[in-house]
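Student: prediction below, plus the sequence it came from.
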Amino acid sequence: MEERNAGKKTTYGKVLGSFKMKCPFCGGDMVVTETQYDVPGMGPVIIVNKVCTKCGYRRNDVIPLRSEGHKRIYYKVEGERDYEAKVIRSPYARIKIPELGLEMEPGIDAEMFVTNIEGILRMFIDAAERIRAMEGGEETEEERRLREKVEHLGGGFTVVIDDREGLSKIENADRRKLLVEEVDGAKSG
């Protein structure tokens, strides 16, 4: 890493350093900067910013630096207001909606994201559309039902977030419909 920026404090945190690598898309110079930052409610993280000087590709990765232990979060979605609950998903978390047969696994390149319940369902719809476009198939019955559920903000399902590091959260939710379970069996909520 280049030492000239290391330790420099910025509005965004403390720069740990930067270096260059080849862009995986065009082979040009990609500048990678690592910054330590304290995110409210999440704690310390490293933000890895990658920018290609040739093709303009850019990516930011957020890597949490702490763990709260394996937790599962259950949120019962029964109607329109429940779609507004804010979901903070760590890069270690799996999201399941058993009643709809949906599952999002954390992969090697998983990102942390913030959305709401509607946004989660739209991610599943987008994934189904991409698969259908690649395979050249027709919209399935399951995809139609999911799209209808989102358009009408209908309930009748449970969002389950299984996070091995315990960093994911559901906020602004009806607390009566929310259960947080530590994997060892202790429950809170």
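Tutor: Looks like it came in fine.

Student: those helices in this protein, which residues are they?
Tutor: According to DSSP state H, the chain carries its helices in the segments 117-135, 141-152.

Student: for C52, which of those is the nearest?
Tutor: helix 117-135 (23.6 Å; Cβ to Cβ). All C-beta spots, glycine's among them, are computed from the backbone N, C-alpha and C.

Student: any low-confidence regions in this protein?
Tutor: In the predicted model, the chain carries pLDDT under 70 at residues 1-12, 185-189.

Student: residue ranges of each domain in it, please.
Tutor: 9-64, 71-188 (automatic domain parsing).

Student: could the ones you listed go into JSON lines alongside mean neighbour count?
Tutor: Shown next, in JSON lines, are the domains of the chain (neighbours: other Cβ atoms under 10 Å):
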{"stretch": "domain 9-64", "mean neighbour count": "14"}
{"stretch": "domain 71-188", "mean neighbour count": "16"}
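
Student: now the helices of the chain in JSON lines, with distance to P44?
Tutor: Listed next are the helices of the chain as JSON lines, based on distance: least, Cβ to Cβ, whole Å:
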{"stretch": "helix 117-135", "distance to P44": "26"}
{"stretch": "helix 141-152", "distance to P44": "35"}
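
Student: for this protein, which segments count as strands?
Tutor: 9-10, 13-22, 29-39, 43-52, 58-64, 71-77, 86-89, 93-97, 102-104, 113-116, 157-163, 169-171, 178-182, 187-188 (DSSP state E).

Student: closest one to E138 among these?
Tutor: Short answer: strand 102-104, nearest of these by Cβ to Cβ, at 19.4 Å.

Student: mind listing the strands that closest one pairs with, and their directions?
Tutor: Paired strands of strand 102-104, with direction, are strand 93-97 (antiparallel) (DSSP bridges).

Student: not counting sequence-adjacent ones, nearest residue to L100?
Tutor: Once flanking residues are discounted, L100 sits nearest to F157: 5.5 Å by Cβ to Cβ, 6 or more residues apart in numbering.

Student: got a list of what that neighbour touches?
Tutor: Counting by Cβ atoms under 8 Å, 6 or more residues apart in numbering, F157 makes contact with 76-77, 97-100, 149.
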